[in-house]
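A.B. asks: All I have is the shape, not the residue letters:
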């Protein structure tokens, strides 16, 4: 889809337009704030098609026609209007590009199927394996618009429209081959909808297995081998088998060794370098290399790449095509191990540029696999997922053969279909094989499902049931511009709501069954406990309905370092984070420790309690020592709020 923000912008004070059919710019009004937004119709299509698109927008439940005789347009919501105009633009521009001299009602079923396939992928190319599959919600929205044109055309409300309704079976047949190229069935894709993700338990198992691999002694040995080999650069076969350099190091360590043998004299320096670095990096002593040949090491490196891909895909929020495009020259590595994109990022959200970066576990995985190369990654623009551990890279590094370094680099990355298969293979081989019960929950994964899982982990980053390494990753990662950009802007409002309500429902259930791993503090927790106390004995099915109803009574459930915000519907006016201009809560931007602790909608767990204690110590020091009384008083008030929360006063 084209950038929706390119056509939508907040109007300057007093600016409005006449909203006549054919005008280049319209004004629409937000029903909640009263703000006026400009909608530009400088689309790549004829004037007649632009007018058609404007008519289609007005005839829908979002545009809702003119609100008065002044042609005022009061949309149902700005985000929905922004999205729908973007979809209508895509239809009109596709119509202009493919069928400029034809009416919509003349398109046959095959041509309509081509249109659906076009709108199911991110890129314009429909070459199998080269596209980026979009969620089912995209084609569902397109189907609704197509059906709307059909209904309005039949009833004479539009001068043209498609001749067919989009049935589920028609959608299925239209995208079957496309989905097969991504390893998805139609049912799996449809089940994802706008909220397709890998269940948390399965994602956690995947990450746990991947972390075990990238932090294993064998992974450290592989990394140290490549570092040492790049220093000494000898035929790789002389490091394995009978010439095992680590075994030679153990031999040299023995007190009964003849250090004057030609073998030891020739390779002692490299053996000591390799052996000492391995002993420093590993938790136990290895008598020899874990692999007998370079081929065996290469196979293990593929396994490490699969593990790293699983970590990066689930924990970064990147599309797999974006991950494939990462190279060492495009990023600079900081002392903390993080990667930061060197050049200006053209992707913006609401007009603000957001830098791309790799942090925590993602950076740890990236640093490991980058090092698995015969070519020095510090002076070679390696793809992140490269084949520098194979014999061809050793030949180039040694200057053997006719292939140049540039020629090798041109073919050094793995294809998108290969990366997709690796992601599925790792789940099958390391999760389903080791934990067969996981298949009952989720039998098949794809990178397409991982992006919303990333947002779920960000939401649950203070949940004691999530592995500590993952919690730590997100506690540091969540403040990054990229993570906020994805969780606040990339996800639609419906996805945000679904994720938050699902987590809240789970949290309420854990409170009810006394299965919380830690105590909850604060007024919101007491409210939930009181509501649960009024529940009489019920069946499991009735209890699930009660949990659904309770979760449905909340408009937001958000995690912060200091606590959770559980905002009930109908009590927005009591929220302390209200926006002065709109008078409604602004949880994402106006929340802070001092505001939330005085709010009736907040609660904290044991993990967040640690943050409160640290903040309390800092505020207490400020309250006692700051020269400005106003600031000292603010900190003193914060200390009282923190004490009240921790002590449950």
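C.D. replies: Arrived safely. Everything numeric here is computed off the predicted structure, so don't read it as measured data. Numbering: from 1, shown residues only.
A.B. asks: So in terms of bridging, what pairs with the nearest residue to residue 73 once chain neighbours are set aside?
C.D. replies: Closest residue to residue 73 apart from its sequence neighbours, by CB to CB, 6 or more residues apart in numbering: residue 28 at 4.6 Å. Every C-beta, even on glycine, is put in place using the N, C-alpha and C of the backbone. Judged by DSSP bridges, the bridge partners of residue 28 are residue 37, residue 73.
A.B. asks: pretty sure residue 28 is touching residue 40, no?
C.D. replies: No - using CB atoms under 8 Å as the test, residue 28 is too far from residue 40 to be in contact (11.6 Å).
A.B. asks: ok, now which ones touch residue 622?
C.D. replies: Contacts for residue 622 (CB atoms under 8 Å, 6 or more residues apart in numbering) come out as 631, 632, 635.
A.B. asks: Got the phi and psi for it?
C.D. replies: phi -70, psi -40 (degrees, to the nearest 10).
A.B. asks: in the helix or strand where residue 267 lies, what counts as buried?
C.D. replies: Using DSSP states H and E, residue 267 sits in helix 262-281. If you call a residue buried by 16 or more other CB atoms under 10 Å, then helix 262-281 has these buried ones: 267, 270, 271, 272, 273, 274, 275, 277, 278.
A.B. asks: Settle this for me: the fourth one is touching residue 250, isn't it.
C.D. replies: No - contact between residue 272 and residue 250 fails when scored by CB under 8 Å: they sit 11.1 Å apart.
A.B. asks: Would you map out the domains in this protein?
C.D. replies: Per automatic domain parsing, the domain ranges recorded for the chain read 4-192, 293-343+353-476, 492-649.
A.B. asks: chain center to the longest one: distance?
C.D. replies: Looking back up the chat, that one is domain 4-192. 26 Å (CA atoms, centre = their mean, to the nearest Å).
A.B. asks: Just the strands from this structure, written as ranges.
C.D. replies: Ranges of strands in the chain, per DSSP state E, are 8-10, 25-29, 36-40, 73-74, 331-333, 339-341, 348-349, 352-353, 357-358, 554-559, 564-568, 602-603.
A.B. asks: before we move on, the earlier item: looking at the domains of the chain, which is nearest to residue 210?
C.D. replies: Set against residue 210 and scored by CB to CB, the domains of the chain come closest in domain 293-343+353-476, at 3.9 Å.
A.B. asks: which residues touch residue 171?
C.D. replies: With CB under 8 Å, 6+ apart, residue 171 has these contacts: 116, 139, 143, 186.
A.B. asks: how close does it sit to residue 141?
C.D. replies: Relative to residue 141, residue 171 is positioned 12 Å away (CB to CB, to the nearest Å).
A.B. asks: same thing with residue 217?
C.D. replies: Look at residue 217 and residue 141: by CB to CB, they are 50 Å apart.
A.B. asks: In terms of neighbours, single out the busier of these two.
C.D. replies: With neighbours defined as other CB atoms under 10 Å, residue 217 and residue 141 compare such that residue 141 has more, 18 against 15.
A.B. asks: Tally up the residues packed near the residue lying closest to the more buried one once chain neighbours are set aside, please.
C.D. replies: Spatial nearest neighbour of residue 141, chain neighbours left out: residue 87 (5.6 Å); criterion: CB to CB, 6+ apart. Using other CB under 10 Å, residue 87 has 21 other residues around it.
A.B. asks: which residues in the stretch 301-450 of the chain form helices?
C.D. replies: 320-324, 360-371, 391-398, 405-410, 416-426, 438-441, 447-459 (DSSP state H, counting those that start in this stretch).
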